[in-house]
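**Student:** here you go, sequence then predicted model.
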Amino acid sequence: QVQLVESGGGSVQPGGSLRLSCTASEFTLDYYAIGWFRQAPGKEREGVSCILSSDHSDRITDYLDSVKGRFTISRDNAKNTVYLQMNSLKPEDTAVYYCAAAWGCPTAPGDVDMDYWGKGTLVTVSS
């Protein structure tokens, strides 16, 4: 059974940084496109960023204008981990962040049709 595990969430003040990690046991992340999604309280889940496998040149799709230039997705295949580096965090970034895997990346922020999901990690940005 595929299990994705997110870590790295927590509470941070506005302007701070966090790095989220997505790992899996007995599941090679580089075989799949891996996406980061988030769901804020009372809102729909939305795509943040997605990275294709190295066979597809690790091509990245960023979905949200509000995080461009602040969030960066990356892979470390040696560690079987996909990261989401989040800088200059804002209160509106507060959400549960999920990683998910599929054969391809979604085409739109509202497309959350992925095959495998982690349970999420909470990010709270507050002063």
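**Tutor:** Right, received. Where do you want to start?

**Student:** name the strands paired with the host helix or strand of T23 and say parallel or antiparallel.
**Tutor:** T23 is part of strand 18-24, with elements assigned from DSSP states H and E. Here strand 18-24 is paired, per DSSP bridges, with strand 4-7 (antiparallel), strand 81-86 (antiparallel).

**Student:** how about the ones you listed, which one is nearest R38?
**Tutor:** strand 81-86 (9.5 Å; C-beta to C-beta). Every C-beta, even on glycine, is put in place using the N, C-alpha and C of the backbone.

**Student:** on that earlier part again, just the strands paired with strand 18-24: most buried one?
**Tutor:** strand 81-86 (a mean of 22; mean count of other C-beta atoms under 10 Å).

**Student:** now the helix or strand just after that strand - C-alpha only, CSV.
**Tutor:** Under the assignment DSSP H and E, the closest C-terminal helix or strand after strand 81-86 is strand 95-102. Output of strand 95-102 as CSV, limited to C-alpha atoms (Å, rounded to 0.1, in the frame of the first residue of the first chain):
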residue,chain,number,x,y,z
ALA,A,95,-3.6,25.6,5.8
VAL,A,96,-3.1,21.9,5.9
TYR,A,97,-0.6,21.0,3.3
TYR,A,98,-0.7,17.7,1.5
CYS,A,99,1.5,15.9,-0.9
ALA,A,100,0.1,13.6,-3.5
ALA,A,101,1.3,11.4,-6.4
ALA,A,102,0.0,10.6,-9.8
